[in-house]
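In: For reference, the sequence and a predicted model appear below.
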Amino acid sequence: MKPSEQLAVVGYLSPASQTTVQNTGYISAADFNSFLCVLNIGAMTSGGTLDAKITQATDANGTGVKDVTGCGMTQILAASGSNKQVVFNLRQDQLDIAGGFGFFTLSITPATQASIIGAVVFGVDPAYESCSDKNVASVVQVVG
């Protein structure tokens, strides 16, 4: 089985220089049992900081947003943080599904100075079917 048949791109944040809170949009957790979020950090302006965490909500608009326990990174400083990656693992059972929280996002906060950031969220271990038809519309080609 090809790797692209085992996971799908379900969310993203296009790389750009940012100074305010950004997120990948709220993603439904219904189709996958697990998710992998990869934060890509480019150049950070001197004095800048970067925080990121996974939050959950009751819908795709972010209603009732709250943190997912254990899914916040340690703050990264510009002095040692440029050109790095942070990987977040999320299982569906970490969300408060019983309380109606079936959506999540990777929320990224650059502070003090600009940082070039981007992110990709992968759905892993599909709950019902193959991953091949679950990619977001921005995926224009799967090669190989």
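Out: Thanks, I have the structure now. Numbering: from 1, shown residues only.
In: Please make it C-alpha for all contacts and neighbour counts, starting now.
Out: Fine.
In: hang on, residue 12 in a strand?
Out: Yes: Residue 12: assigned to a strand according to DSSP: H, G, I helix; E, B strand; the rest coil.
In: what bridges to it?
Out: Taking DSSP bridges as the rule, residue 12 bridges to residue 120.
In: Burial check on it, number of neighbours?
Out: Using other Cα atoms under 10 Å, residue 12 is surrounded by 21 other residues.
In: oh, and call the first residue 17 from now on, that's how I've got it
Out: Yep, numbering from 17; the last one is residue 28 now.
In: looking at it, it is touching residue 133, isn't it?
Out: No: with contact defined as Cα atoms under 8 Å, residue 28 does not count as touching residue 133 (11.0 Å).
In: can you give me phi and psi for the residue nearest to residue 50 when sequence neighbours are not counted?
Out: Leaving aside its sequence neighbours, residue 50 sits nearest to residue 107 (Cα to Cα, 6 or more residues apart in numbering; 4.3 Å). In terms of degrees, to the nearest 10, the main-chain angles of residue 107 are phi -100, psi 150.
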